[in-house]
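Student: Got a predicted structure here, sequence first:
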Amino acid sequence: MNKNSLKKYTLKDGSVISIRAMTKNDINALHDFFQRIPEDDRLFLKHDVADKKVIETWAKSLDYNTVLPLLAFDKDNKIVGDATLHTKDYGWSRHIGEIRIVVARAWRSKGVGLALSKEIFMAALEKKLSKIVAQMAADQKGALKVFEKIGFSKEAELKNHIIDLKGQTHNLIIMSNDVKEAVKSMEAYETEQLSLNPAEG
């Protein structure tokens, strides 16, 4: 996705979201979004997103070639979802990307995660990546189900590999998906869940 482009999706409940790449002007809105994420969900994020300095650091170091951050907005221009694609342009895993997704609790099961995932995978195709991985705590049953629905399969489980913000350890699940096959799966699943508005600007 071009950093200046905007995609609109109509979700299965009729609500419309807009997706675009994060810019330096999104610091406050993104911090507000993470403040609205329940603490039990934030426990499993890789960074302490409640700290605004973390988000400011992301904004200052924006580099779409290595980390592509996409934001989903509701009709009131409030962020309801965040997704990132992490890649490397060197080394033996340069054909692999990592996806991370966070969706506001009130917007889950509506198709926001699917819309963000589709944009991430389209970006992966443009980058000529062949595989996408996702990592999550074994306790995140909802996230596991979402990724399974779009074709991810479990590759490994690492015991006590995660330590959350409260100091508790959890097993880490590593899932993966073939990029081209994933795009096909999501396009098929999309017809039941949401529709892509042709308007783009």
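Tutor: Nice, thanks for sending it over.
Student: hey, where'd the strands end up in this protein?
Tutor: Counting by DSSP state E, the segments of the chain that form strands are 7-11, 16-21, 67-73, 79-86, 96-103, 131-137, 153-163, 169-178, 194-200.
Student: Can you find the helix or strand of the protein with the lowest average pLDDT?
Tutor: Ranking every helix and strand in the chain by mean pLDDT, DSSP states H and E puts strand 194-200 at the bottom, with a mean of 52.
Student: on that earlier part again, which one of the strands of the chain lies closest to residue 42?
Tutor: Among the strands of the chain, strand 96-103 comes nearest to residue 42, with 8.8 Å by C-beta to C-beta. (C-beta placed from N, C-alpha, C; glycine too.)
Student: The closest one - what's its average pLDDT?
Tutor: Averaged across strand 96-103, the pLDDT comes to 93.
Student: on that earlier part again, can I get the strands of the chain in a markdown table with distance to residue 56 and mean neighbour count?
Tutor: Listed next are the strands of the chain as a markdown table, based on distance: least, C-beta to C-beta, whole Å; neighbours: other C-beta atoms under 10 Å:
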| stretch | distance to residue 56 | mean neighbour count |
| --- | --- | --- |
| strand 7-11 | 26 | 19 |
| strand 16-21 | 17 | 19 |
| strand 67-73 | 14 | 21 |
| strand 79-86 | 15 | 21 |
| strand 96-103 | 18 | 21 |
| strand 131-137 | 25 | 20 |
| strand 153-163 | 24 | 12 |
| strand 169-178 | 28 | 18 |
| strand 194-200 | 30 | 13 |
